[in-house]
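Peer 1: following is a predicted model, sequence given first.
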Amino acid sequence: MRMSREEGTVEMGPGGLLGGIGVLDPPVPPKRPPGPIPTVPSSLLFRIFAGVLLAGLAVTILFLLFAKR
C-alpha cells in the first residue's frame with residue numbers, strides 16, 4: 001500500500017486504488033488539554049443520604065430479580 005500526499009489517494013497493490021484524503025497534519029494546532037475537573041462542595045448529610053438512596057436502590061433491584069412470584 002502506497003500513499004501519495006500530493007494526490008490525496010492511496011494505492012492498494014497493482015491496479016487497486018482507494019480514494020481518500022492524504023493530509024495527516026491538521027490545519028490548526030490541537031487545543032489545550034482540559035484542566036482537572038473541579039470538585040462540587042457537598043455536605044456530609046447529603047453524601048449519607050445519597051449512599052442510603054443507592055443502597056436502597058440496589059436492594060430493591062436485587063429483590064425484584066430474585067423474588068419468587
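Peer 2: Structure's in. What do you need?
Peer 1: can you pull out the low-pLDDT segments for the chain?
Peer 2: For the chain, residues meeting the criterion pLDDT under 70 lie at 1-23, 25-26, 69.
Peer 1: ranges for the strands of it?
Peer 2: For the chain, strands defined by DSSP state E occupy the ranges 2-4, 9-11, 17-19.
Peer 1: give the contact list for Leu44.
Peer 2: Contacts for Leu44 (CB atoms under 8 Å, 6 or more residues apart in numbering) come out as none. C-betas here are computed from N, CA, C, even on glycine.
Peer 1: and it, how far from Ile37?
Peer 2: Computed with CB to CB, to the nearest Å, the distance linking Leu44 and Ile37 is 21 Å.
Peer 1: tell me which stretches of this structure form helices.
Peer 2: In the chain, the segments counted as helices under DSSP state H are 44-66.
Peer 1: gap between Leu53 and Leu62?
Peer 2: Here Leu53 is placed at a distance of 15 Å from Leu62 (CB to CB).
Peer 1: could you do Ala50 as well?
Peer 2: Distance of Ala50 to Leu62, computed by CB to CB: 19 Å.
Peer 1: also Val52?
Peer 2: Distance, Val52 to Leu62, using CB to CB: 16 Å.
Peer 1: next: Phe49.
Peer 2: Phe49 sits 21 Å away from Leu62 when distances are taken as CB to CB.
Peer 1: kindly check the end-to-end length of stretch 35-54 for me.
Peer 2: Using CA to CA, to the nearest Å, one end of stretch 35-54 lies 30 Å from the other.
Peer 1: for that stretch, buried residues please.
Peer 2: Neighbour counts over stretch 35-54 (16 or more other CB atoms under 10 Å) mark no residue as buried.
Peer 1: and Ser42, how close does it get to Leu57?
Peer 2: Between Ser42 and Leu57 the computed distance is 19 Å (CB to CB).
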